[in-house]
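Asks: Need a 3D model of the following:
(2 chains)
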2 protein chains.
Amino acid sequence: MTLNDKIIKLLKGAKEASFALANISAKDKDAALSRMSLDLLKNTKYLLSENSKDVALANEIGLSESLVDRLTLTEKRVKEMADSLKQVASLKDPVGKILRQWKRPNGLIIKKISVPIGVIGIVYESRPNVTSDCAGLCLKSGNACVLRGGSEAINSNLAIHSVITKSLRGFNIPESAITIIDVADRQAVDILLKQDGLIDVVIPRGGESLIRYVAENSLIPVIKHYKGVCHLYVDKDADFKMAMDIMLNAKVQRPGVCNAIEKMLVHRDIAAKFLPQAARVLDDKGVELRGSLETLSILKGIKKATEKDWYEEYLDLILTIKVVKNVDEAVSHINKYGSGHSDAIVTKNKKAAEKFLKEVDSACVYHNASTRFTDGYQFGMGAEIGISTDKIHARGPMALEELCTYKYVILGSGQTRS
Amino acid sequence: MTLNDKIIKLLKGAKEASFALANISAKDKDAALSRMSLDLLKNTKYLLSENSKDVALANEIGLSESLVDRLTLTEKRVKEMADSLKQVASLKDPVGKILRQWKRPNGLIIKKISVPIGVIGIVYESRPNVTSDCAGLCLKSGNACVLRGGSEAINSNLAIHSVITKSLRGFNIPESAITIIDVADRQAVDILLKQDGLIDVVIPRGGESLIRYVAENSLIPVIKHYKGVCHLYVDKDADFKMAMDIMLNAKVQRPGVCNAIEKMLVHRDIAAKFLPQAARVLDDKGVELRGSLETLSILKGIKKATEKDWYEEYLDLILTIKVVKNVDEAVSHINKYGSGHSDAIVTKNKKAAEKFLKEVDSACVYHNASTRFTDGYQFGMGAEIGISTDKIHARGPMALEELCTYKYVILGSGQTRS
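Replies: Residues are numbered from 1 along each chain as shown, chains lettered A, B, ... in the order given. Okay, here's the model as predicted:
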C-alpha cells in the first residue's frame, strides 16, 4: 500500500467513526473519558518506558534542552494527563444544545442546534500530552480526531494512543474515533492536509513555523493559534500601583506563554514619572528592557528597540516599551504590530477605556486586569484546545463549544415554497 | 507601480477603512445604504450604458446565452439591486450584541460581543448585482469589502462601484470601505489570495471551479458555498400526497438553484406504489428520470444512473432515483454522496424522522417540508451572502450575523493571575 493509500484508509476510518459518534450518549462519552483517565494512570510505567526511547534519541541527536524537556514524560505529567481527561468528563456536553428556535409565518419551525464538526485533524509538536488532551476534547464534543504528532515523540504518542483507544472498548465507540497517523514520514502531513473530503478542520499546535506550514499547505480549513504579541497600555489616568501589579504579573509570572505581555505602551504625560519606577521593579525581576527613542530619553542606557522588536514574541524576560501621545496612538500601534491575541489598558478614565476596548482589534481586550487571564480555564470554560488568533469560527480561547458547529433542523407539515 | 504593489495598496486602504467603520453608528450606516439605493436608481441610465459594453463584448466573443443573461442589467434588475440595499438598511444592526456575559469568582466580568470580521474579500463571476449586494451586506455588518468580479463584467462592476462609493460621502465612511480591484488581469486574484494580513476571510461566489480555485490558492480563510446535491427521502410511512407535493416543489419550481433536489430516495416497501405515480407527475413537468437498478425494475425504460450521477448537481429538470431498504440506507447514501446542503425526509414515523434529522450531516435537514426553504429570506434572516456548505464559522444561509465574529471584553479592578 502506498503512503497515500495508507493515510486515506486511516482517514476514512475516522470519518466512519464520526458518524458513529453521533449516536453515543453523553453518559457513555463521559464513562469512556473516565476510563481513559484510569488506564493512563495504570499504564504509567509502560508510558514512561516508551517515552524514554524518544528522550534517548532526542539527546542523541542533540535536541535543545527545552525541546527535550517538553518531550519528557514523568509520573507527575502522566497524572496531569489523566486528571485532564477526568476533568473533561465532568464538563457539560456541548452537543445537541438548541442555540435558537423560531417559527416562520408559514408554520415552519426552525431549530439551530449544536452538533460536532465531524473529523478534526491535530498537527502538533513535541509535547506528548497533546495526544490525550486533544483526543479527550474531541471525544467529549462528539468529534473523531486524527492526530499527527512530531516524529520526535512517536513512541510516546503511539503508546498513549494504544492505551486510550483500548479504553474505548465496551462503550460502543469505534477505536478509529481516535486515529493516529503512525508514520514518521513528513510527507504524511502533506497528504493529510489535502484530504478536504475526509477532515473538516485542522488545528495546528506548535511553533509559528509549523502553523504557517499547515496554513500554507492545507486545502482543509485551518484554525490558527499564532503568537501572542500582547500589550499593556498604561494610560495617563492609570492607578500606578495597579499598573505596576498588572505589568509585573503579565510579564514576569510566566513569560514563556502566549498571554504574557511583550510590549508596554505608556502615555507621555506620565512616562517620566511611571517609567523609572517600572524599570526598577522589572530590573529586580531580571527583565531586559528595550525602548523607543522617547523611552530611551527617560530610561537611559536601555537597548534601543528595532522595528522588528515591535512584532516579536520573545516568550522570555524581555519587555519593549514605547511612549505614546494618547490612547489613539496606543490603539493604532497595537492594531499595526500586535497579533490580535490579548491587550490591556490600565486607566481610571472611562472614555479612554471604552475607546481602547472598542477599537483594539484583538480576541481579548482587558480593562484593569492582566492579559494572563486569556485561558480556557480562567474564562470558566473548563478546558481549551488553544487560543485562536483567527477571526473565523473561533476567536480567543477555543473550548468545547468551539469544537462544535451547528445544523438547522426544520420541522414542517408539508410546506412548499411558492 | 507593479500589479502586486497596486493590489496591496488597495487592500491597505480597505484595512484602514475597516478600523474607521468601528466608529460609524448604525444610523449612519443605514443612511448610507439608503443613499446608495437611491443613487443606483438615479443612475440607471449610466449603469445600463456601461453594462451594454460588457454585453456587447460578451456577445462578440461568443459567451453562452445563459452567461450573457446573467451579465445583463435591465431597469428591473437595477431596481432590484436598489431594493435589496434598502431592505438591508431596514435590518437590525448585527454589531455590538452582547452574546454572553458572565462573572468569574475573582470578580472579572467577561463579555462576549459581536464585532465585524474586518475585511471581507468577495471573488465572483458574471452577475453585476453581486457588487452592490455584497457591498451592502458588508457595510451593514461593519466590514470593509474587497470586490473582485469577473473580467467579463468589469465595466458594469466599476460603474456600480463608482455610484455606491460616491454615496458614502457625507457619512464619514471612507470610500475604501468598498474597494474594488479594478484590473482585469487574472493574476490579481492570485495576489489577493496571498494577503492574509490584509483580508480576514474570502467568500467566493460562483461556479464550482471558481470556488475550488479560490480554496486551493488562498492563504486567507475561505468560506465555501459549494454545490447543492439535495435529497428527498420518501419513507415507507410517508403521506403520499405530501411527498408528491414536496417532490414537485423541490424539483420543479426552480430547478436551477442550489436548494432544489437532485436525487430522490424511496423506501422499498412503497416504491412499487409510489414511483409510478411520482413518475407520471414528474413526466408531466418534463423532468428526465434516471434510476438505480431497482428503480429501473419499477420504472421501465428510464435511464440507468451511473456512479457519477449520485454526486452530480444538475441544476436542471433531471432527477435520479434510488430505492433504499430503510432510513439507515438513506442516511448513509446522503452522507456519502450529498454535498451537506439540504436534505428532507417525508414520513409520519417519528422515529424515522428523528434518526434522519440527527444523522444526516447537512447544514439543513427537513421533516415534511421542501428543501427550497434553505434561503436567508425564507429563514427570516432578511438577506444572505450565500449558503455555506462549510462547517466552520457559517453553515447554511450566511447572513449578517455570520458576517460578524466576536471579541471578549474583560472588565477588572486590578486582577492579576496567581
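Asks: Quick check: closest non-adjacent residue to whichever residue of the stretch 251-400 of chain A sits closest to chain B.
Replies: For the stretch 251-400 of chain A and chain B, the shortest gap (CB to the nearest CB) falls at A:A369, measuring 2.8 Å. Quick note: C-beta positions are derived from backbone N, CA and C, even for glycine. The spatial neighbour of A:A369 that comes closest, neighbours along the chain excluded (CB to CB, 6 or more residues apart in numbering or on different chains), is B:G412 at 2.8 Å.
Asks: In three-state terms, how would the one you found be classified?
Replies: Using DSSP: H, G, I helix; E, B strand; the rest coil, the secondary structure recorded for B:G412 is strand.
Asks: Quick check, it in contact with B:I110.
Replies: No - using CB atoms under 8 Å, B:G412 is not in contact with B:I110; the gap is 9.9 Å.
Asks: so what pLDDT did A:K140 get?
Replies: We have a pLDDT of 98 for A:K140.
Asks: can you tell me the helix or strand for A:V365?
Replies: With secondary structure defined by DSSP states H and E, A:V365 is part of strand A:364-369.
Asks: Show me what that strand pairs with in its sheet, parallel or antiparallel.
Replies: strand A:342-346 (parallel), strand B:404-415 (parallel) (DSSP bridges).
Asks: what about it, average pLDDT?
Replies: 98.
Asks: Not counting its own residues, what contacts that strand?
Replies: A:239, A:242, A:246, A:341-347, A:353, A:356-357, A:371, A:373-374, A:396, B:108, B:407-416 (CB atoms under 8 Å, 6 or more residues apart in numbering or on different chains).
Asks: after that strand comes which helix or strand?
Replies: Next element after strand A:364-369 (DSSP H and E): strand A:386-388.
Asks: Each with direction, which strands does the helix or strand following that following strand pair with?
Replies: The helix or strand immediately downstream of strand A:386-388 is strand A:396-398, counting by DSSP H and E. Strand A:396-398 has the following sheet partners, assigned by DSSP bridges: strand A:386-388 (antiparallel).
Asks: For the partner strand, give the mean pLDDT please.
Replies: 94.
Asks: repeat for stretch A:80-98
Replies: Mean predicted lDDT for stretch A:80-98 stands at 96.
Asks: That stretch spans what distance, first to last residue?
Replies: 33 Å (CA to CA, to the nearest Å).
Asks: in that stretch, what counts as buried?
Replies: A:E80, A:M81, A:A82, A:S84, A:L85, A:K86, A:V88, A:A89, A:L91, A:D93, A:P94, A:V95 (16 or more other CB atoms under 10 Å in any protein chain shown).
Asks: Would you check that A:V130 makes contact with A:I122?
Replies: Yes - the pair formed by A:V130 and A:I122 meets the contact definition of CB under 8 Å, at 7.0 Å.
Asks: Nearest the geometric middle of chain A, what residue?
Replies: With distances taken as CA atoms, centre = their mean, A:G386 lies nearest the centre of chain A, 1.3 Å away.
Asks: Just the buried ones from the contacts of strand A:364-369, in PyMOL syntax?
Replies: Applying 16+ other CB under 10 Å to these leaves a buried subset, and the PyMOL line that selects it is:
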select buried, (chain A and resi 239+242+246+341+342+343+344+345+346+347+353+356+357+371+373+374+396) or (chain B and resi 108+407+408+409+410+411+412+414+415+416)
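Asks: Next, give phi and psi for the closest residue to A:A89 other than its chain neighbours.
Replies: Leaving aside its sequence neighbours, A:A89 sits nearest to A:L33 (CB to CB, 6+ apart; 3.8 Å). Main-chain torsions, A:L33, degrees, to the nearest 10: phi -60, psi -40.
Asks: what about A:R417, how many neighbours?
Replies: Around A:R417 there are 18 other residues, counting by other CB atoms under 10 Å in any protein chain shown.
Asks: what's the answer for A:K111, then?
Replies: 16.
Asks: Isn't A:L158 up against A:I180?
Replies: Yes - under the criterion of CB under 8 Å, A:L158 makes contact with A:I180 at 6.6 Å.
Asks: So which of these two has more stuff around it?
Replies: A:I180 (23 against 16).
Asks: Now do the contacts for that one.
Replies: A:I180 neighbours (CB under 8 Å, 6+ apart): A:T131, A:V146, A:L147, A:R148, A:G149, A:N157, A:L158, A:H161.
Asks: Can you give me the pLDDT of it?
Replies: 98.
Asks: picking that back up, bridged to the residue of the stretch 251-400 of chain A closest to chain B, which residues?
Replies: What pairs with A:A369, by the bridge criterion (DSSP bridges), is B:Q415.
Asks: Can you tell me how far it is from B:I410?
Replies: Distance, A:A369 to B:I410, by CB to CB, to the nearest Å: 6 Å.
Asks: Show me whatever sits in contact with both of those two.
Replies: B:L108.
Asks: State the helix or strand in which A:R290 lies.
Replies: Per DSSP H and E: strand A:288-291 holds A:R290.
Asks: In that strand, which residues are buried?
Replies: A:L289, A:R290, A:G291.
Asks: Let me see the mean pLDDT of the helix or strand following it.
Replies: Sequence order places helix A:293-298 as the next helix or strand after strand A:288-291, per DSSP H and E. Regarding helix A:293-298, the rounded mean pLDDT is 98.
Asks: Equivalent analysis for stretch A:47-55, please.
Replies: 98.
Asks: Determine how far it lies from the middle of the whole chain.
Replies: Counting by CA atoms, centre = their mean, to the nearest Å, stretch A:47-55 is centred 26 Å from the centre of its parent chain.
Asks: One more: stretch A:27-45?
Replies: Put simply, stretch A:27-45 sits 23 Å off its chain's centre (CA atoms, centre = their mean).
Asks: Can you pull the residues of the stretch 301-418 of chain A lying near chain B?
Replies: A:335, A:357-359, A:361-370, A:372-374, A:378-380, A:390-393, A:395-396, A:405-417 (CB under 8 Å from any CB of the partner chain).
Asks: please redo it, this time with the cut-off set to 6 Å
Replies: A:357, A:359, A:364-370, A:372-373, A:380, A:391-393, A:395-396, A:405, A:408-417 (CB under 6 Å from any CB of the partner chain).
Asks: cool, and chain A?
Replies: So chain A meets chain B at A:22, A:104, A:108, A:117, A:200-201, A:221, A:242, A:245-246, A:249, A:357, A:359, A:364-370, A:372-373, A:380, A:391-393, A:395-396, A:405, A:408-417 (CB under 6 Å from any CB).
Asks: Residues touching stretch A:31-39, excluding its own?
Replies: Residues from elsewhere that reach stretch A:31-39 (CB atoms under 6 Å, 6 or more residues apart in numbering or on different chains): A:A82, A:L85, A:K86, A:V88, A:A89, A:G136, A:V163, A:I164, A:S167, A:L168, A:F171, A:I173.
Asks: Let's see which of the residues you listed end up in helices.
Replies: With helices taken from DSSP state H, the overlap with these comprises A:A82, A:L85, A:K86, A:V88, A:A89, A:G136, A:V163, A:I164.
Asks: Can you show me the helices along the stretch 151-300 of chain A?
Replies: A:154-166, A:187-192, A:208-217, A:240-252, A:268-284, A:293-298 (DSSP state H, counting those that start in this stretch).
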